[in-house]
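[1] I would like the atomic coordinates for the input below:
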Amino acid sequence: MQEVIKIYSKAHPNIQLKAIPGHFVTPNSHVNYFLDMTTLKARLSEASMVARELGRQVMISTVVDTIVCIDGCEIIGAFLAEELTRAGIYSRNAHKTIYIITPEYSTSGQMMFRDNYLPMVKDKNVLLLLASATTGKTVSKAIQTLTYYGASISGISAVFSAANSIVGIPVNSLFTTADIPDYTTYSSEKCTMCKEKKPIDAFANAFGYSKIS
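    Here you go, the predicted model:
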């Protein structure tokens with residue numbers, strides 16, 4: 001793997017995405033960059049700034065009852081709920097405040113919500129919040145699951161997105177492939193790096209990466 005490349009947000013100069021070039025295997029694809037968002041998700045000041053900028057992208061006409069956080073974005077989600085409330089985003093909840101929840105996953109990887117969380121999902125307008133949306137598979141599965149539980153998707157927000165929209169829903173993001181022009185994602189069967197015999201540098205997921213020694 002090569003050295004970390006720091007990419008600064010056009011929306012806010014203090015928000016930086018760390019990109020590490022290499023050959024990474026994720027649960028859904030092979031990618032040529034690992035996007036390190038550790039501090040964006042875990043450091044108070046950075047999570048707050050990310051939430052502020054993502055909040056500005058949500059249309060004032062959007063209804064948000066619940067924010068479902070994926071990829072460890074709960075801290076950003078809490079700040080985002082605060083930003084949306086301050087901006088006057090409407091919530092239909094009786095207490096006029098937004099729920100911030102994260103799904104559970106079964107041993108087979110299926111997203112699920114326990115019965116005690118169903119009142120926060122069923123008949124609610126849900127904003128999906130992710131660290132990254134690359135192939136769209138995670139978002140598509142999340143939408144299918146939430147629809148099954150009776151939710152309506154009011155929007156998708158991501159720190160990084162390789163897609164402008166997923167299943168017809170626009171994706172609001174701080175960083176896109178325009179910020180990393182050579183960013184590429186492959187299916188495992190069609191990975192050019194594998195065909196070129198380029199060694200895999202690490203396995204990666206929402207928690208981080210583990211180098212292959």
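
[2] Look up the residues forming beta bridges with the residue nearest the centre of the chain.
    Taking Cα atoms, centre = their mean as the criterion, Leu130 is the residue nearest the geometric centre of the chain, at 1.5 Å. For Leu130, the residues forming beta bridges with it (DSSP bridges) are Ala158.

[3] Run through the residues that contact it.
    With contact taken as Cβ atoms under 8 Å, 6 or more residues apart in numbering, Leu130 is in contact with Ile70, Asp71, Cys73, Thr138, Val139, Ile156, Ser157, Ala158, Val159. (Each C-beta comes from the backbone N, C-alpha and C, glycine too.)

[4] Name the spans of this protein whose pLDDT lies under the cut-off.
    1-2 (pLDDT under 70).

[5] can you pull out the strands in it?
    In chain order, the chain shows strands spanning 5-8, 16-25, 30-36, 66-69, 99-101, 104-105, 111-112, 125-133, 152-161, 165-166, 169-176, 185-186, 202-205, 208-211, with DSSP state E as the criterion.

[6] out of those, nearest to Ile60?
    Proximity to Ile60 (Cβ to Cβ) singles out strand 152-161 among the strands of the chain, at 12.1 Å.

[7] Could you pull out the buried residues of the closest one?
    Neighbour-count burial for strand 152-161, with 16 or more other Cβ atoms under 10 Å as criterion, is recorded at Ile153, Ser154, Gly155, Ile156, Ser157, Ala158, Val159, Phe160, Ser161.

[8] Nearest to Lys195, out of the strands of the chain?
    When these are ranked by distance to Lys195, counting by Cβ to Cβ, first place goes to strand 185-186 at 9.5 Å.

[9] distance of Arg43 from Asn172?
    Arg43 sits at a distance of 22 Å from Asn172 (criterion: Cβ to Cβ, to the nearest Å).

[10] no no, Leu54
    Counting by Cβ to Cβ - Leu54 and Asn172 are separated by 6 Å.

[11] Show the contacting residues for Tyr186.
    Contact analysis of Tyr186 by Cβ under 8 Å, 6+ apart lists Ser29, His30, Val31, Thr192, Met193, Cys194.
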